[in-house]
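Asker: what follows is a predicted structure for the sequence shown.
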Amino acid sequence: MTVQVTPLLDRVLIKRLEEKESLRGGIIIPDTAKEKPQEGEVLAVGAGRLEKGRHIPVEVKVGDHILFGKYMGSDIRLNDQDCLILREDEILARFISPARAAAGGK
């Protein structure tokens, strides 16, 4: 059964992007010793927040690749996939592809 999730307020649902397998000096690092990636793809976005009676929409949108803090958000399991829900202010940066930058960054 597939569950649809819509985050509330200024929260964002993301899927962590897996780091590529890398060898350091020929030593294979086991999965248990690897750090969780700090990059993710936005899966769903809340409607935004109210500030002094004004609606402020979330700046990221579905499909954006983002960078977030190491210990931010709440881990959840959704449709057999590990996801993370975090507030918009916990997002550190949004990656812009060269094609999007040439088109004006939107």
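Answerer: Done, it's in.

Asker: all strands for the chain, in order.
Answerer: 11-16, 39-45, 49-51, 54-56, 65-68, 74-78, 81-87, 91-95 (DSSP state E).

Asker: so where is the protein shaky, pLDDT-wise?
Answerer: 1, 19-37, 98-106 (pLDDT under 70).

Asker: out of the strands of the chain, which gets nearest to Gln4?
Answerer: strand 39-45 (8.3 Å; Cβ to Cβ). The way it works is simple: take the backbone N, C-alpha and C, and place the C-beta from them, glycine included.

Asker: which elements pack onto that closest one?
Answerer: Judged by 3 or more Cβ pairs under 8 Å, 6 or more residues apart in numbering; DSSP states H and E, strand 39-45 is in contact with strand 11-16, strand 65-68.

Asker: any chance of these in a markdown table with distance to Ile85 as columns?
Answerer: Below are these laid out as a markdown table (distance: least, Cβ to Cβ, whole Å):
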| stretch | distance to Ile85 |
| --- | --- |
| strand 11-16 | 5 |
| strand 65-68 | 11 |
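
Asker: deepest in the core, which of the ones you listed is it.
Answerer: Across the helices and strands packed on strand 39-45, averaging neighbours per residue (mean count of other Cβ atoms under 10 Å) puts strand 11-16 on top, at a mean of 21.
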